[in-house]
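# just a sequence and a predicted model for now, questions to come.
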Amino acid sequence: MKRLVLLGGGHAHVHVLAGLALQPLAGWDVRLVTPYRRQIYSGMLPGWIAGHYPIEACAITLDRLASAAAVAFHPTEGQALDLAHRALHCADGSALHFDALSIDTGPVAALHALPGSAEHALPVRPIERFIEAWPRLVSRILGQCRRFHLVILGAGAAGIELAFAVQRRAATDGWSHLYITVVGADDLPLPGAPAAIRRRTARLLAQRGITWVAARRATRLDATAIHFEQGDALAFDACVASTGAAAPTWPGASGLLTDARGFVRVRSTLQSVSHPHVFAAGDVAAYAHERPKSGVFAVRAGPVLARNLRAWCEARALARWTPQARALYLISTGDKHAMATWGGWSWSGRWVWHWKDRIDRQFMRRFDNPGSPGL
Ligand SMILES: Cc1cc2nc3c(=O)[nH]c(=O)nc-3n(C[C@H](O)[C@H](O)[C@H](O)COP(=O)(O)OP(=O)(O)OC[C@H]3O[C@@H](n4cnc5c(N)ncnc54)[C@H](O)[C@@H]3O)c2cc1C
């Protein structure tokens, strides 16, 4: 029997698994290799911090989904690929042979360029480690009588949503001694977003008592402060690093063709440019039509990946995919309000949060009853 290995339980692979639960892949042994038994839907994570959702509401149960799809679950991490022998080497010492491989392992935290950040900051990725560390951070905040200074380094959507979410939690739980600062490399937060929403975000941060430190490039961290290219260091009690997505090193090291940053280059069929029996989707992939690293495109790649993996295994023609040029971004601001951007357009308000909440819950519901035809 031939074998398809799904590496990583990311946002595209959950769609592949849900499809297999509806219609198995005859004649193929399918395996899922991923370190955690659940996949956190990152769009809802700030809502967990803010206290809007229990963590279970933000998690897709991967082992249950795999079981419904008759896919064997390997709770470990892929560490190296031997492309010549078509083998995946895993952190638990096992090696899995594959005839086809699909990679949806997401990015890693971009910490390599910032000395000291791995030791002294709490990165938002891997998300499971962030979730594990969050209660310890809360205990530290609660255990300190004097002012506690939390610095969020990185002013992209994730950093901004986290800042608003923590501020909301502090307001509802009475952490009046918590003082939050967001540091960004640009003049305004949310690089890449329409100017109106960037200005609005800066105003909103100020209204919530969150300090915005603009146009500062961090060069290193020590145990108590961030140091910058210019100007004074910024002291902190804790620092959360949300400095963007970097590529894992193992795909390039294995000989898969990557882009200059190390992301797996794929054709419009999602097949590796260098190894057509290897597919990649989500943030780990460098699409033929370049798109920002975002959950939106990982989710959108899911149905295409599911269709093309099946077609490849059944020796049928593969479909080509051009990711949409614009994506809807929904950024929650902690108080059950949110901002939306679509190309140059933007909206904000309570209704946007309810819209986001509906979209997020609808996405999660697809995986509640894997195998039911409601998908
Ligand atoms: C706080 C936060 C909020 C965000 N909010 C949004 C948002 O609102 N909208 C949006 O579009 N984007 C958002 N993002 C970005 C979004 O999280 C990513 O773009 C998205 O997760 C990418 O999906 P993915 O499937 O590529 O990877 P991931 O979601 O990272 O999934 C990767 C999976 O692979 C597993 N894995 C990792 N390494 C290995 C390995 N070596 N071997 C096997 N398995 C492995 C992981 O455990 C995980 O299950 C947010 C990010 C953060 C941190």
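Here it is on my side, so go on. Numbers count the residues shown, from 1 in each chain.

# what's the pLDDT at the residue nearest in space to the middle of the chain?
Geometric centre of the chain, nearest residue: residue 42, 5.7 Å, by Cα atoms, centre = their mean. For residue 42, the model assigns a pLDDT of 92.

# give the contact list for it.
When contacts are counted by Cβ atoms under 8 Å, 6 or more residues apart in numbering, residue 42 touches 127, 158, 295. Where C-beta positions appear, they are placed from N, C-alpha and C, glycine not excepted.

# what's the spacing between it and the ligand?
Here residue 42 is placed at a distance of 3 Å from the ligand (Cβ to the nearest ligand atom, to the nearest Å).

# what residues does the stretch 151-300 of the chain have near the ligand?
Residues of the stretch 151-300 of the chain found near the ligand (Cβ under 6 Å from any ligand atom) are 157-158, 161-162, 282-284, 293-296, 298.

# for those residues, which one is nearest the ligand?
The ligand lies nearest to residue 282 out of these, by Cβ to the nearest ligand atom, at 2.4 Å.

# quick one, phi psi at that closest one?
When quoted as degrees, to the nearest 10, the phi and psi of residue 282 stand at phi 80, psi -160.

# show me where the chain has helices.
With DSSP state H as the criterion, the chain has helices at 13-22, 45-50, 62-68, 117-120, 127-143, 157-173, 195-207, 250-254, 295-313, 350-365.

# reformat these as TSV; add mean pLDDT.
Shown next, in TSV, are these (pLDDT from 0 to 100):
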stretch	mean pLDDT
helix 13-22	97
helix 45-50	97
helix 62-68	96
helix 117-120	94
helix 127-143	97
helix 157-173	97
helix 195-207	95
helix 250-254	97
helix 295-313	96
helix 350-365	95
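
# picking that back up, give me the distance between the residue nearest to the centre of the chain and residue 192.
Distance, residue 42 to residue 192, by Cβ to Cβ, to the nearest Å: 17 Å.

# domain ranges for the chain?
Following automatic domain parsing, one gets these domains for the chain: 2-107+247-326, 117-241.

# a markdown table for those domains, including distance to residue 336?
Below are those laid out as a markdown table (distance: least, Cβ to Cβ, whole Å):
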| stretch | distance to residue 336 |
| --- | --- |
| domain 2-107+247-326 | 7 |
| domain 117-241 | 9 |
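
# of these, which approaches residue 346 most closely?
Closest to residue 346 of those, according to Cβ to Cβ: domain 117-241, at 4.2 Å.

# just how off-centre is the closest one within its chain?
18 Å (Cα atoms, centre = their mean, to the nearest Å).

# and the residue lying closest to residue 258 once chain neighbours are set aside, how many neighbours?
Among residues not flanking residue 258 along the chain, residue 252 sits closest, at 4.4 Å (Cβ to Cβ, 6 or more residues apart in numbering). Using other Cβ atoms under 10 Å, residue 252 is surrounded by 16 other residues.

# surely residue 252 and residue 262 touch.
Yes: shown here, residue 252 and residue 262 form a contact pair, counting by Cβ atoms under 8 Å, at 4.9 Å.

# re the thing from before, so which of the domains of the chain is nearest residue 339?
Among the domains of the chain, the nearest to residue 339 by Cβ to Cβ is domain 117-241 (5.5 Å).

# residues touching the residue lying closest to residue 272 once chain neighbours are set aside, list them.
Excluding its sequence neighbours, the residue lying closest to residue 272 (Cβ to Cβ, 6+ apart) is residue 278, at 4.2 Å. Residues near residue 278 by Cβ under 8 Å, 6+ apart: 83, 100-103, 256, 264, 271-272.

# who wins for neighbours among those residues?
Busiest of the contacts of residue 278 [other Cβ under 10 Å] is residue 103, holding 30 neighbours.

# read off the pLDDT value for residue 292.
Here the pLDDT value assigned to residue 292 is 87.

# wouldn't it be in contact with residue 193 here?
No: using Cβ under 8 Å, residue 292 makes no contact with residue 193, being 10.8 Å away.

# higher neighbour count, these two?
For residue 292 versus residue 193, neighbours defined as other Cβ under 10 Å are more numerous around residue 193 (21 against 14).

# and the more buried one, what does it touch?
Residue 193 neighbours (Cβ under 8 Å, 6+ apart): 157, 201, 329, 341, 346.

# go on, residue 244?
So residue 244 contacts 110, 154, 156, 293 (Cβ under 8 Å, 6+ apart).

# how about a cut-off of 10 Å?
For residue 244, the contacting residues are 107, 109-111, 113, 124-125, 154, 156, 158-159, 191, 293, by Cβ atoms under 10 Å, 6 or more residues apart in numbering.

# which of these count as buried?
Neighbour-count burial (16 or more other Cβ atoms under 10 Å) is assigned, among the contacts of residue 244, to 107, 109-111, 124-125, 154, 156, 158-159, 293.

# please name the nearest non-neighbouring residue to residue 15.
The shortest distance from residue 15 to any non-neighbouring residue, by Cβ to Cβ, 6+ apart, is to residue 302 (2.8 Å).

# just give me the neighbour total for that neighbour.
Residue 302 has 23 neighbouring residues, counting by other Cβ under 10 Å.

# ok, it to residue 185 distance?
Where residue 185 is concerned, residue 302 sits at a distance of 32 Å (Cβ to Cβ).

# same deal with residue 206?
Using Cβ to Cβ, residue 206 is found at 19 Å from residue 185.

# higher neighbour count, these two?
Higher neighbour count among residue 206 and residue 185: residue 185, with 16 against 11, using other Cβ under 10 Å.
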